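Chemist: I need the structure of the sequence given here:
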Amino acid sequence: MNVKLVRLFGWFGIAGPVIGIPGTLFSIVGAPWFSWTANSIVDLLDDSPSSLLFRTTWLMWAGCVMAFSAGIYEVVRDNRVGKAGFGLNLMGAALLFVSTLPGFELEAQRALVNGFYITTALSMFPLAYHLRRKDLMRLSYVTVLAGGVALIAWSLGMGAPAVPEFVSSLAFGVWSVTLGAWMVKRQELPGMQ
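Modeler: Down below sits the predicted model:
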């Protein structure tokens, strides 16, 4: 276990949503045609000027999630269930990254973004199990809550894809900042040498 890596990668957990959520909102403001009830957030990957901001924001966010996932691996590497959560989280980050690359049809980009949201939400449950096993109850509760909120948002649909996408982004953001802050403060990890 490399606590220095955990602390370093924790910063990426904090930075990801700090970059991703405001950047997404600024992109929406810059796209007057965007409608919360008719569009998906990925529709911002059109040819408008706000597309460059959106694409750049999500590329940075995906990079932060990938780096944060490396820190998660350091935390869970002694547990198979935790590793499954890490794998799903990393897969979600890869789907987010690939969705922003040019050359995909809009429907393919939507499918990739939906895959990001669903796999990231599903990753929360094995990660919460691992955190619970390490007696990190508050982190476990935040993790289950974030995953649950995201899955409920998707199951209800809430009108258009933009709404569950944004609700999921907020839930993941709260979780990422909370776990990232915990990682940054580590001197040693519970139950690990």
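
Chemist: any low-confidence regions in the protein?
Modeler: 1, 157-159, 189-193 (pLDDT under 70).

Chemist: For it, which segments are assigned as helices?
Modeler: For the chain, the helices defined by DSSP state H occupy 3-29, 49-76, 80-99, 106-133, 137-156, 162-184.

Chemist: List the contacts of the residue nearest the centre of the chain.
Modeler: Central residue of the chain (Cα atoms, centre = their mean): Phe172, 5.0 Å from the mean position. With contact taken as Cβ atoms under 8 Å, 6 or more residues apart in numbering, Phe172 is in contact with Pro17, Thr120, Ala121, Ala146, Ala150. Yep, even glycine has a C-beta here, placed from its N, CA and C like the rest.

Chemist: ok, now with 6 Å
Modeler: Neighbour list for Phe172: Thr120 [criterion: Cβ atoms under 6 Å, 6 or more residues apart in numbering].

Chemist: Kindly provide the distance from it to Gly180.
Modeler: For Phe172, the distance to Gly180 equals 11 Å [Cβ to Cβ, to the nearest Å].

Chemist: now do Leu136
Modeler: Applying Cβ to Cβ to Leu136 and Gly180 gives a distance of 14 Å.

Chemist: And for Ile21?
Modeler: Noted for Ile21: a distance of 14 Å to Gly180, by Cβ to Cβ.

Chemist: if you count what's nearby, which of the two comes out ahead?
Modeler: Gly180 (25 against 17; other Cβ atoms under 10 Å).

Chemist: nearest residue to the more buried one other than its sequence neighbours?
Modeler: Leaving out its chain neighbours, the residue that sits closest to Gly180 by Cβ to Cβ, 6 or more residues apart in numbering is Gly13, at 2.5 Å.

Chemist: In this model Ser176 seems to touch the one you found, though I could be wrong.
Modeler: Yes - under the criterion of Cβ atoms under 6 Å, Gly13 is in contact with Ser176, at a separation of 4.6 Å.

Chemist: And the contacts of stretch 102-114?
Modeler: Contact with stretch 102-114 is made by Ser40, Val42, Leu45, Leu95, Val98, Ser99, as judged by Cβ under 6 Å, 6+ apart.

Chemist: Let's see that stretch as PDB, backbone CA atoms only.
Modeler: Once non-C-alpha atoms are left out, stretch 102-114 reads as follows in PDB (Å, rounded to 0.1, in the frame of the first residue of the first chain):
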ATOM      1  CA  PRO A 102     -14.600  13.100 -32.200                       C
ATOM      2  CA  GLY A 103     -15.900  10.700 -34.900                       C
ATOM      3  CA  PHE A 104     -18.800   9.000 -33.100                       C
ATOM      4  CA  GLU A 105     -22.400   9.400 -34.100                       C
ATOM      5  CA  LEU A 106     -24.500  11.100 -31.500                       C
ATOM      6  CA  GLU A 107     -26.400   7.900 -30.600                       C
ATOM      7  CA  ALA A 108     -23.100   6.100 -30.000                       C
ATOM      8  CA  GLN A 109     -21.900   9.000 -27.800                       C
ATOM      9  CA  ARG A 110     -25.200   8.800 -25.800                       C
ATOM     10  CA  ALA A 111     -24.700   5.000 -25.300                       C
ATOM     11  CA  LEU A 112     -21.200   5.600 -24.100                       C
ATOM     12  CA  VAL A 113     -22.200   8.300 -21.700                       C
ATOM     13  CA  ASN A 114     -25.100   6.200 -20.400                       C
END
